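Novice: Quick one, what's the 3D model for this:
(3 chains)
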Amino acid sequence: MGESSTCYDKNEGPKKGVWAASEDQIVRDYIKKHGVGKWGKLSRETGLKRCGKSVRLRWLNYLRPGIVRGNITEDEEELIIRLHKLLGNRWSLIAGRIPGRTDNEIKNYWNSRLKRKLQQQNHLEVPEVPRNKEIREDLSSSAAVAAAAEKNPHLTGNNVNEDEDYHQHHDVDFAVGIEFEATDNNNGTGDDEHLRNDLWWNNFIMDLNDIQLDASEFQPDFPEIRLGNLR
DNA sequence: AAGGAGTACAACCGCCGAGAA
DNA sequence: ATTCTCGGCGGTTGTACTCCT
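Specialist: So this is what the prediction gives:
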């Protein structure tokens, strides 16, 4: 059923296509007054001829404060690759770890650039990480996650932290719940370190696929990894 | 200069789950 | 217990832009 019943007016249907600046302003004004949510109501009360879902998407991907526009940095790219290896196409989860970036943006970036780039580099045979709800729930329910969440509330949940001052001082690194010991690429061991990490990740993915493990089980074996906020 | 191919990104669609009625 | 609405997600499509021939 979804929202289709509220999306499509019997007579003329919803307006589609590119949003006008005036439409954006209507949404901004309404949300300023009434807060986020009730997208269908927003659409009806403001006379926007957009379906609620469309309004929501516009807000989340474009109008919302804290959105970072512009090129994805190398750090962010690396992060996306690693998170994708772990989580598969769970764009909202991945986006939740990259402040200011939206799931749509990351999905687009992956599909239009990274996928091809990684295939060219032979780093990726585009692993089809199964959409396995149980794995994610196991990870999210671990004690490690809870502990990390308590330590650093910025790292939890799917919501992008919209504290711009916080962003300025923490940049990308804070968003990752998976943190490696510093890798020294200048002392000749960098490649080995990368290989080791890649190997570890590959094994990790295989383990996840083979059996459903609780994230907290990994930590004793791999102290260099903190599975702080997989969800 | 023209137009076809490739790319990037915004937006839409269909499905699902949660919660209210 | 059932139905309905809404919010959320991932996949896909549409379109504007850029590059190449």
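Novice: Flag the shaky bits of chain A, pLDDT-wise.
Specialist: Within chain A, the ranges that satisfy pLDDT under 70 run A:1-13, A:119-231.
Novice: 50 instead?
Specialist: Residues of chain A meeting the criterion pLDDT under 50: A:1-6, A:8-11, A:124-196, A:200, A:203-231.
Novice: Break it into its domains for me.
Specialist: A:4-63, A:74-217 (automatic domain parsing).
Novice: Tell me how far A:Val55 lies from A:Lys85.
Specialist: 34 Å (Cβ to Cβ, to the nearest Å). Glycine gets a C-beta too; all of them are placed from N, C-alpha and C.
Novice: Check A:Val27 too.
Specialist: Separation of A:Val27 from A:Lys85 (Cβ to Cβ): 36 Å.
Novice: More neighbours: which of these two?
Specialist: Neighbour count, other Cβ atoms under 10 Å: between A:Val27 and A:Lys85, A:Val27 has more, with 22 against 18.
Novice: Okay, and the more buried one sits in which element?
Specialist: Element membership for A:Val27 (DSSP states H and E) is helix A:21-34.
Novice: Next secondary structure element downstream of that helix?
Specialist: helix A:39-46.
Novice: How about the helix holding A:Val27, which residues are buried there?
Specialist: Buried residues in helix A:21-34, defined by neighbour count with 16 or more other Cβ atoms under 10 Å: A:Glu23, A:Ile26, A:Val27, A:Tyr30, A:Ile31.
Novice: isn't A:Leu118 right next to A:Ile81, touching?
Specialist: Yes. Applying Cβ atoms under 8 Å, one finds A:Leu118 in contact with A:Ile81, separated by 6.9 Å.
Novice: Show me what from chain A comes close to DNA strand B.
Specialist: A:1-4, A:7, A:14-19, A:50-51, A:53-54, A:57-58, A:61-62, A:69, A:104-105, A:107-109, A:111-113, A:116 (Cβ under 7 Å from any atom of the strand).
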